[in-house]
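Q: return atomic coordinates for the entry below.
(2 chains, ligands or ions: 2)
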Amino acid sequence: MNILCCVKRVPMTGGRIVLTADEQAIETRHLGFTISPHEECGVEEAVRLIEQQGGSSTVLTLGPAEAEEQLRDAMALGIDRAILLEADQEFDGQATAAAIVEAIAAERAAGTEYDLIFFGNESADAGNYQVGIRVAHALGWPCVTGLKGIALHDGGLRCEQEVAGGRDIYRVGLPAVVTVKEGLNLPRYPSVPGRMRAKRKPLETRTPTRSGAGVEKVRLVVPEGQGKQTQILGHGPDAAPAVVELLQQAGLL
Amino acid sequence: MPVLVLAEQVDGGIDDVSRQAVTLARGYAEAAGQSLEAILIGADGVAGLGELGVQTAHIASHDGLAAHAPQAWGRIVAELIERLAPAAVIAPGSERATEAMAHAAAIADLPLAANCIEAAPGDPATVTRLRWGGSLLEEAAVHGAVKLLTVAPHTVAATAAAAPVQTAVAEFTPELSDADLAVRVSETTQTDTGGGVSLADAKVVVSGGRGTGSAEGFAPIEALAAALGGAVGCSRAVTIAGWRPHTDQVGQTGTKIAPEIYIPCGISGATQHMAGCKGAKRILAINTDPEAPIVSNADYAVIGDLHEVVPAITAAIAKARGG
Ligand SMILES: Cc1cc2nc3c(=O)[nH]c(=O)nc-3n(C[C@H](O)[C@H](O)[C@H](O)COP(=O)(O)OP(=O)(O)OC[C@H]3O[C@@H](n4cnc5c(N)ncnc54)[C@H](O)[C@@H]3O)c2cc1C
Ligand SMILES: Nc1ncnc2c1ncn2[C@@H]1O[C@H](COP(=O)(O)O)[C@@H](O)[C@H]1O
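A: Ligands and ions are numbered 1, 2, ... in the order given. Okay, the predicted model is just below:
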């Protein structure tokens, strides 16, 4: 079985978001980077499926050269190889999907056919909620979204999607595209040997074609209401009566 | 050229987030001087749409729609895009409607702007949309012959139209292929909530973060939540440590909560955590660090060790109740 996992490098923003002077991006000089927790679960699920079934897993990102870090992180967890679609600018959802489809076509031309492609339900930063579905349409494959459970079943997949009060079950054949959510599994931590091996695993860099931006970023704005007037009710256990009073005033006791 | 709005049904009408989307779509249609028309899938009526100013309801019915089929929903939207050449299609940012819009955008090869909170017509249209689960806003220009937008839930207040209209009904049978219906719900399982209040609906949520120190460190958090009839939540630091299940996680990639009071204990207040508790009426932070972001984002705070403060609050509640 061949599995592809798509991940996106994003900054770890901490307690407060600060923008660059041109308002086009988050100021990241003092920040580390990661991928969405949804995508981490996709990586973990891919590694588990290959451990069970045999085959090969590939991680792909569209991003700056520095995104090699996120690709190596995924390989440290057990992914076999990586593809970096190097681009300094952010692509919108439609252009991202087109670039990923282009890369999948190149893989096919080089003899690699995928059976299953993992996406996050939504990217951590842009949250376009669409890249996986667009790729599925371009490939003519079925797509199931927002999954919190995946199992191989009768040569296809049994997929669980959380809905109010329960889970909807979908059954699809392969090849398929799935988009997943955090909670699908509990991702492992990278081991030291895993990190060492990741350094030597193959990473291919390609230049994607950039189609125009249909959703064109004009500027970013930090929403108001961060930082309130906080009333300190007290220090330590002595503050308990003040808390009780607050709960009483709120009609919660 | 109408402005179309996709609406989801609940008993006797459309749901809250759909009413919010209709409200934004009405403003968009009015600004553009266009008619407001709704798309309903498998609906049995148009109750309440006239009040919201919807002139026509396009109701899709098809035998294949008995079980939810996401791509079929997208195909229906795409079919109406082709047939009616709308100026825009606007949908609530619910999971199903968002998914339908992504399918429609893929089929029609159009841009899609997700989670808008404001939108003005034009070519391009201009929108403000949520990034980072609402921790950051993006002003964007939306191109394409038809503007496709979803509306971020609970960011627009639903209002009635200035004058109610009579909603005309246009029923149709969409053309759905086998592929459109191939992915559909085959069964639904019930989740056992153990009779407790769900995190999303709880009036009180008490959460623990890394500051609890361990799974056992949640005992005082659970006791306080129980005393207040509330639910227990947690931060992602806790779920990735395996101390609590992901179903307890509050935040951008966890559950969004909207309680009367939210009590985060030993949680620093990362933007991704705060993205899940923006709907809380009041926040009471309990943290050893007066400089923690959670403290400056809270209405009230107690500075101290949660292992001492939380049991003292639970005891004081018992005392207040006792006499
Ligand atoms: C894309 C993305 C999505 C994310 N989604 C989520 C999400 O959905 N939910 C989420 O929570 N996080 C999410 N995160 C992670 C988030 O960025 C933080 O890493 C996480 O919220 C930190 O958890 P914490 O506050 O418990 O831990 P820390 O940041 O380590 O904070 C611990 C806090 O406890 C205080 N403390 C320590 N000891 C005590 C004590 N004895 N008594 C009282 N206070 C004490 C400390 O002062 C500190 O403020 C996401 C991250 C990314 C990048
Ligand atoms: N730049 C990117 N590189 C690789 N994968 C991406 C990129 N952007 C989005 N994706 C994938 O598409 C999913 C959905 O993204 P979005 O449609 O932007 O919400 C993400 O969780 C990723 O799996």
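
Q: in the chain, which residue is most central in space?
A: With no chain named, the answer covers chain A. Of all residues in chain A, the one closest to the mean position by CA atoms, centre = their mean is residue A:39, 3.0 Å from it.

Q: chain B is the one I meant
A: Centre-nearest of chain B using CA atoms, centre = their mean is residue B:153, 4.3 Å out.

Q: pretty sure that residue contacts residue B:93?
A: Yes: with contacts counted by CB atoms under 8 Å, residue B:153 reaches residue B:93, the gap being 5.2 Å. Placement of C-beta: from N, CA and C, glycine included.

Q: which neighbours do those two share?
A: Common neighbours of residue B:153 and residue B:93, using CB atoms under 8 Å, 6 or more residues apart in numbering or on different chains, are residue B:17.

Q: tell me which element residue B:189 is part of?
A: Applying DSSP states H and E as the criterion places residue B:189 in strand B:185-190.

Q: cool, and residue B:263?
A: Using DSSP H and E, residue B:263 falls in strand B:261-265.

Q: mean confidence score for that strand?
A: If you average the pLDDT over strand B:261-265, you get 98.

Q: C-alpha coordinates for it, CSV please?
A: Backbone C-alpha positions of strand B:261-265 (Å, rounded to 0.1, in the frame of the first residue of the first chain) are rendered in CSV as follows:
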residue,chain,number,x,y,z
ILE,B,261,-18.4,30.6,33.2
TYR,B,262,-15.2,29.0,32.1
ILE,B,263,-12.6,28.1,34.7
PRO,B,264,-9.2,27.2,33.2
CYS,B,265,-6.7,26.0,35.8
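
Q: show me where the chain has helices.
A: Let's take chain A. Assigned by DSSP state H, chain A shows helices spanning A:37-53, A:68-76, A:93-109, A:131-139, A:192-200, A:240-249.

Q: the intended chain is chain B.
A: Using DSSP H, helices in chain B cover B:16-32, B:70-84, B:95-108, B:178-182, B:219-227, B:236-240, B:271-274, B:293-296, B:306-322.

Q: nearest to ligand 2: which residue in the stretch 151-253 of chain A?
A: residue A:179 (6.6 Å; CB to the nearest ligand atom).

Q: just the pLDDT at that residue, thanks.
A: pLDDT, residue A:179: 98.

Q: got a markdown table for the helices of chain A, with distance to ligand 1 too?
A: Formatted as a markdown table, the helices of chain A follow (distance: least, CB to the nearest ligand atom, whole Å):
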| stretch | distance to ligand 1 |
| --- | --- |
| helix A:37-53 | 5 |
| helix A:68-76 | 12 |
| helix A:93-109 | 17 |
| helix A:131-139 | 16 |
| helix A:192-200 | 20 |
| helix A:240-249 | 14 |
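
Q: so which of these is the most packed in?
A: Mean neighbour count (mean count of other CB atoms under 10 Å in any protein chain shown) peaks for helix A:131-139 among the helices of chain A, with a mean of 25.

Q: how about the residues of the stretch 1-150 of chain A by ligand 2?
A: Within the stretch 1-150 of chain A, the residues that sit near ligand 2 (CB under 6 Å from any ligand atom) are A:6-8, A:36, A:38-39, A:60-63, A:93, A:96, A:119-120, A:122-123, A:126-132.

Q: ok, now which ones touch the residue in chain A that ligand 1 sits nearest to?
A: Closest approach between chain A and ligand 1, counting by CB to the nearest ligand atom: residue A:124, at 3.4 Å. Counting by CB under 8 Å, 6+ apart, residue A:124 makes contact with A:8, A:10, A:34, A:35, A:36, A:37, A:38, B:132, B:252, B:253, B:272.

Q: again, but for residue A:9
A: Residues in contact with residue A:9 (CB under 8 Å, 6+ apart) are A:33, A:34, A:35, A:61, A:63, A:64, A:66, A:67, A:69, A:70.

Q: same check on residue B:290?
A: A:232, B:301, B:303 are the contacts of residue B:290 under CB under 8 Å, 6+ apart.

Q: per-residue pLDDT, the residue nearest to the centre of chain A?
A: Note on residue A:39: pLDDT of 98.

Q: shouldn't it be in contact with residue A:45?
A: No: counting by CB under 8 Å, residue A:45 is not a contact partner of residue A:39; they are 10.5 Å apart.

Q: joint contacts of these two?
A: Common contacts of residue A:39 and residue A:45, defined by CB under 8 Å, 6+ apart, comprise residue A:118.

Q: by mean pLDDT, flag the weakest helix or strand of chain B.
A: Every helix and strand of chain B was ranked by mean pLDDT, DSSP states H and E. The lowest is strand B:9-10, at a mean of 90.

Q: strand partners of it, parallel vs antiparallel please.
A: strand B:13-14 (antiparallel) (DSSP bridges).

Q: quick one: the partner strand to chain centroid distance?
A: Mean-position distance between strand B:13-14 and its chain equals 17 Å (CA atoms, centre = their mean, to the nearest Å).

Q: list the contacts of residue A:72.
A: A:82, A:195, A:198, A:199, A:201, A:203.

Q: measure it to residue A:32 for me?
A: Distance of residue A:72 to residue A:32, computed by CB to CB, to the nearest Å: 14 Å.

Q: ok, residue B:194 next?
A: Applying CB to CB, the value for residue B:194 to residue A:32 is 38 Å.

Q: which one's more surrounded, these two?
A: More neighbours surround residue A:32 than the other of residue B:194 and residue A:32, with 10 against 5 (other CB atoms under 10 Å in any protein chain shown).

Q: does the more buried one touch residue A:12 like I think?
A: Yes: counting by CB under 8 Å, residue A:32 touches residue A:12, with 4.8 Å between them.

Q: by proximity to ligand 2, which residue of chain B wins?
A: For chain B, CB to the nearest ligand atom, closest residue to ligand 2: residue B:114, 7.3 Å.

Q: residues touching the closest residue to that residue other than its chain neighbours, list them.
A: Spatial nearest neighbour of residue B:114, chain neighbours left out: residue A:129 (4.5 Å); criterion: CB to CB, 6 or more residues apart in numbering or on different chains. Residues in contact with residue A:129 (CB under 8 Å, 6+ apart) are A:93, A:121, A:122, B:98, B:99, B:102, B:114, B:115, B:150.

Q: what's the answer for residue B:246, then?
A: Here residue B:246 is in contact with A:182, A:183, A:186, B:239, B:254 (criterion: CB under 8 Å, 6+ apart).

Q: the last one touches residue B:276, doesn't it?
A: Yes: under the criterion of CB under 8 Å, residue B:254 makes contact with residue B:276 at 5.6 Å.

Q: ok, and the closest non-adjacent residue to residue A:242?
A: Once flanking residues are discounted, residue A:242 sits nearest to residue A:233: 4.1 Å by CB to CB, 6+ apart.

Q: show me where the stretch 101-250 of chain A has strands.
A: A:116-120, A:143-153, A:156-163, A:166-173, A:176-180, A:203-206, A:215-221, A:231-235 (DSSP state E, counting those that start in this stretch).

Q: among these, which is nearest residue B:109?
A: strand A:215-221 (13.7 Å; CB to CB).

Q: does the closest one come close to chain B?
A: Yes: against chain B, strand A:215-221 shows contacts by CB under 8 Å from any CB of the partner chain at A:215, A:216, A:217, A:218, A:219, A:220, A:221.

Q: quick check: nearest residue in space to the fourth one, chain neighbours excluded?
A: Meaning residue A:218. Nearest one to residue A:218, counting by CB to CB, 6+ apart, is residue B:139 at 4.4 Å.
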